[in-house]
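Undergrad: Need the 3D shape of this:
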Amino acid sequence: MFTATLIGETIGAGDLSAASDRLAAAGCAPAGTTWLEPEVAADLAFAADPDAARAALEGAFARTDVIVQPTARRRKALLVADMDSTMITVECIDELADYAGIKAQVAAVTEAAMRGELDFEGALDARVALLAGLDERVIAQCLAERVRIMPGARSLVRTMRAHGAAAVLVSGGFTRFAEPVAAEIGFDRAIANVLEVADGRLTGTVTKPIVGSATKEQTLGDWLVERGIERARSLAVGDGANDLAMIGRAGLGVAYHAKPIVAAAAAARIDHGDLSALLYAQGYRRTEWVE
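TA: As a prediction, the model looks like this:
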């Protein structure tokens, strides 16, 4: 059996009926609906052809996300997540660059790298080099003034961990941001790049090897092995091209408000809602969330 989860701002009984009709017309053999939260999220069970179900439902209802997956093992035991523009609302390197007066220049490179148009490691080295000489104290200032937790992030991580899951934050950004963000949200561990500092100023370099796509995918694989978790019970979420490998390897890989290359490749997308949509996708009812 399979489940299609609809998550939206206002979902009515008529929408669920229309969704069931679409599944039937696509040959998916719908088998009933269940509310996870009235007018916000609902599950539709069906028996066949998840690809046809996804094609039939995605984009069919205004401002509604649809996640289609096997019903078995939908509640995950491992979460591996990106940080910038996923667990937080900003790209930290762009915000640091703003304090140096070069945000537009750095942000353009960040955007191209996240779209998959540039080599991530080379682009990171080039951007960090532009920050050489920046006062180290700006990092703490940026963290306090600019970094905001993405809506739904705390509920997602804390609810999963309360039900026995592990959660790892793996970022192509920097430990000086990732470690406090991970602690605030509730992750088990944070992995990120180390900005090098000398005499209180950024040197314009990061410690090698760079945490990039390969590290993200390897982290997911390592935690599956170390914790004895089936691949099907893993969830990965991110927005940029350097998240593609881990998204592809996870049991459920999710593109979150993602760049087109990621949205096109991922098995599931969140285009409208916040990160709490991933709790509904796992079958958590609103009353089960840990705030």
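
Undergrad: What's the mean pLDDT across the helix or strand harbouring T3?
TA: According to DSSP states H and E, T3 maps onto strand 2-8. Strand 2-8 carries an average pLDDT of 98.

Undergrad: can you check stretch 52-64 too?
TA: Stretch 52-64 carries an average pLDDT of 97.

Undergrad: Distance across that stretch, terminal residue to terminal residue?
TA: For stretch 52-64, the separation between the terminal residues is 18 Å (C-alpha to C-alpha, to the nearest Å).

Undergrad: Could you verify that I261 is part of a helix?
TA: Yes. Counting by DSSP: H, G, I helix; E, B strand; the rest coil, one finds I261 located in a helix.

Undergrad: Please name the residues that touch it.
TA: Taking C-beta atoms under 8 Å, 6 or more residues apart in numbering, we find I261 in contact with R115, G116, A241, L244. For every residue, glycine as well, the C-beta is placed using N, CA and C.

Undergrad: Make a ChimeraX selection of whichever of these turn out to be buried.
TA: Selection of the buried residues among those in ChimeraX, burial being defined by 16 or more other C-beta atoms under 10 Å:
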select :116,241,244
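
Undergrad: Then S17 would be within a helix, right?
TA: Yes. Applying three-state DSSP, one finds S17 inside a helix.

Undergrad: Run a quick neighbour tally on it.
TA: A count of nearby residues for S17, using other C-beta atoms under 10 Å, gives 11.

Undergrad: Look up which helix or strand G59 falls in, please.
TA: Using DSSP H and E, no helix or strand contains G59.

Undergrad: hmm, back to that, so which residues make contact with the strand holding T3?
TA: 15-16, 19, 23, 28, 36, 40-48, 50, 53-54, 57, 61-71, 74, 270, 272-273, 277, 280-281, 283.

Undergrad: before we move on, the earlier item: name the nearest of the contacts of I261 relative to E288.
TA: E288 has its nearest neighbour among these in L244, at 30.8 Å by C-beta to C-beta.

Undergrad: That closest one and G253, how far apart?
TA: Look at L244 and G253: by C-beta to C-beta, to the nearest Å, they are 9 Å apart.

Undergrad: Also Y99?
TA: Here Y99 is placed at a distance of 34 Å from G253 (C-beta to C-beta).

Undergrad: buried subset of the contacts of strand 2-8?
TA: Here, 16+ other C-beta under 10 Å leaves 15-16, 19, 23, 28, 36, 40-46, 50, 53-54, 57, 61, 64-69, 74, 270, 273, 277, 280-281, 283 buried among the contacts of strand 2-8.

Undergrad: Among the residues you listed, which ones are in helices?
TA: The helices, defined by DSSP state H, take in D15, L16, A19, L23, P50, A53, R54, L57, A277, Y280, A281 from the buried ones among the contacts of strand 2-8.

Undergrad: how far away is the residue nearest the centre of the chain from A13?
TA: With distances taken as C-alpha atoms, centre = their mean, the residue of the chain nearest its centroid is V237 (2.8 Å). Distance of V237 to A13, computed by C-beta to C-beta: 30 Å.

Undergrad: can you check A268 too?
TA: Per C-beta to C-beta, A268 is found 24 Å from A13.

Undergrad: low pLDDT regions in the stretch 1-150 of the chain?
TA: Along the stretch 1-150 of the chain, the model assigns pLDDT under 70 to no residue.

Undergrad: Which parts of it are strands?
TA: 2-8, 30-37, 41-46, 64-70, 78-81 (DSSP state E, counting those that start in this stretch).

Undergrad: Would you mind finding the longest helix in the chain?
TA: For the chain, the helix that runs over the most residues, judged by DSSP H, is helix 213-227.

Undergrad: mind saving the C-alpha coords of that one as PDB?
TA: The C-alpha trace of helix 213-227 is given here as PDB (Å, rounded to 0.1, in the frame of the first residue of the first chain):
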ATOM      1  CA  SER A 213      27.900  16.800  -1.300                       C
ATOM      2  CA  ALA A 214      30.000  13.700  -0.600                       C
ATOM      3  CA  THR A 215      30.200  14.400   3.100                       C
ATOM      4  CA  LYS A 216      26.400  14.800   3.300                       C
ATOM      5  CA  GLU A 217      25.800  11.500   1.600                       C
ATOM      6  CA  GLN A 218      28.500   9.700   3.600                       C
ATOM      7  CA  THR A 219      27.100  11.000   6.800                       C
ATOM      8  CA  LEU A 220      23.700   9.600   6.000                       C
ATOM      9  CA  GLY A 221      25.200   6.200   5.100                       C
ATOM     10  CA  ASP A 222      27.400   6.100   8.200                       C
ATOM     11  CA  TRP A 223      24.500   6.800  10.600                       C
ATOM     12  CA  LEU A 224      22.400   4.200   8.900                       C
ATOM     13  CA  VAL A 225      25.100   1.600   9.500                       C
ATOM     14  CA  GLU A 226      26.100   2.800  13.000                       C
ATOM     15  CA  ARG A 227      22.500   2.800  14.200                       C
END
